[in-house]
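>>> show me how the following folds:
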Amino acid sequence: MAISIYFTESKDFKLIKSRILNIQDDYQVYVYADTANAKIPKDLIRELPVYGNNLFWVNTLGFDSSQLTNHIVLTVGRFLDSDEPIEFYIATKTQRYAKAVELLKSQGVLIDVISPGEDVETTKPRRRGRPRKVKTEEPTVEAPKKRGRPPKNKAAVEDKAPGKSKKEDKPKKAAKRGRPRKEVKIRKQRTEKVISIEEVNTKLAKYSSKDGNVEQIQKKLFGLGKVSRPKFDHKLIDMIKNDLGIGDGESASLLEKLKAIGMMDNTGKGGRLHYKD
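The predicted model follows:
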């Protein structure tokens with residue numbers, strides 16, 4: 001099972017929207033945005049629950065191109081020791097990240113660029129300007145351009161049954177227009193199970209701790225479905241830092257306390273966190 005890692009700006013998120021909604025494997029998306037000034041698309045905000053904890057917002061206030069390149073390179077480096085296959089993508093409408101792509105390629109890391117109107121494109125920049133118009137020959141009667149009924153000619157008019165009016169042809173045309181389209185399968189969106197306070201308290205009693213910070217994180221995790229919980233140590237550490245406002249060392253220590261009381265371990269596939277509740 002491959003893991004897909006995407007890097008994009010909030011204004012370019014729609015380039016990968018349909019792709020990640022239909023993806024079967026795990027994925028993470030690092031979304032660059034000046035969260036203090038940029039207007040994040042309303043449709044993206046409305047659909048945030050669909051993506052769960054798979055979106056990571058990176059505040060780019062005061063960032064320049066070199067800092068964006070460094071962030072991508074350092075983030076990719078964190079995943080290179082993983083036992084599972086990982087695919088990296090950059091979704092962009094510009095050549096802003098070309099330097100990051102070239103730098104990673106020089107180190108033997110393949111990262112693909114997703115640009116408008118194309119599936120996946122590697123390194124080669126697109127030429128700007130309008131595409132060249134290709135000349136096409138006029139269609140002939142012998143080889144009609146459109147499928148279906150051939151164009152009318154004199155012989156066809158003469159062979160038409162007498163007394164048949166144009167009004168009688170209308171139902172046939174209507175039937176053609178009313179032909180049902182091929183049904184497109186839409187992936188059913190995942191719905192989260194609502195967890196009651198009683199269930200949370202029952203689990204707290206099973207994995208009790210005298211540390212108030214540990215209990216606070218336990219309540220947050222027990223209140224989430226297992227699908228929405230962080231799947232790796234670094235993800236859970238980031239969540240602890242954001243919720244408690246503490247540093248990396250304290251967050252890592254708190255994670256070890258959660259493991260010590262038997263709430264979780266790293267026996268999941270590829271070293272993932274396995275929750276035992």
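>>> now do the buried residues in the helix ranked longest in the chain.
For the chain, the helix with the greatest residue count under DSSP state H is helix 65-79. Within helix 65-79, the residues scored as buried using 16 or more other Cβ atoms under 10 Å are 68-69, 71-73, 75-76, 79. Every C-beta, even on glycine, is put in place using the N, C-alpha and C of the backbone.
>>> before we move on, what about stretch 199-212?
Applying a neighbour-count criterion of 16+ other Cβ under 10 Å, the buried positions in stretch 199-212 are 200, 203, 207, 209.
>>> adding pLDDT and distance to R181, write those out as CSV.
Below are these laid out as CSV (pLDDT from 0 to 100; distance: Cβ to Cβ, whole Å):
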residue, pLDDT, distance to R181
V200, 84, 47
K203, 86, 48
Y207, 87, 53
S209, 80, 57
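>>> which of these fall within helices?
Among the buried residues of stretch 199-212, the members falling in helices (DSSP H) are 200, 203.
>>> which strands and helices sit next to the longest helix of the chain?
strand 3-9, strand 27-33, strand 86-91, helix 98-106 (3 or more Cβ pairs under 8 Å, 6 or more residues apart in numbering; DSSP states H and E).
>>> by how many degrees do that helix and strand 3-9 diverge?
On the basis of axes from the mean of the first three to the mean of the last three Cα atoms, to 10 degrees, helix 65-79 is oriented at 170 degrees to strand 3-9.
>>> where does K188 land on pLDDT?
On the pLDDT scale, K188 is placed at 65.
>>> same question, I86
Model confidence at I86 (pLDDT) stands at 87.
>>> with K93 instead?
Per-residue pLDDT puts K93 at 89.
>>> do you know how far it is from F13?
Distance of K93 to F13, given as Cβ to Cβ, to the nearest Å: 11 Å.
>>> higher neighbour count, the two?
Under the criterion of other Cβ atoms under 10 Å, the comparison of K93 against F13 puts F13 first, with 22 against 13.
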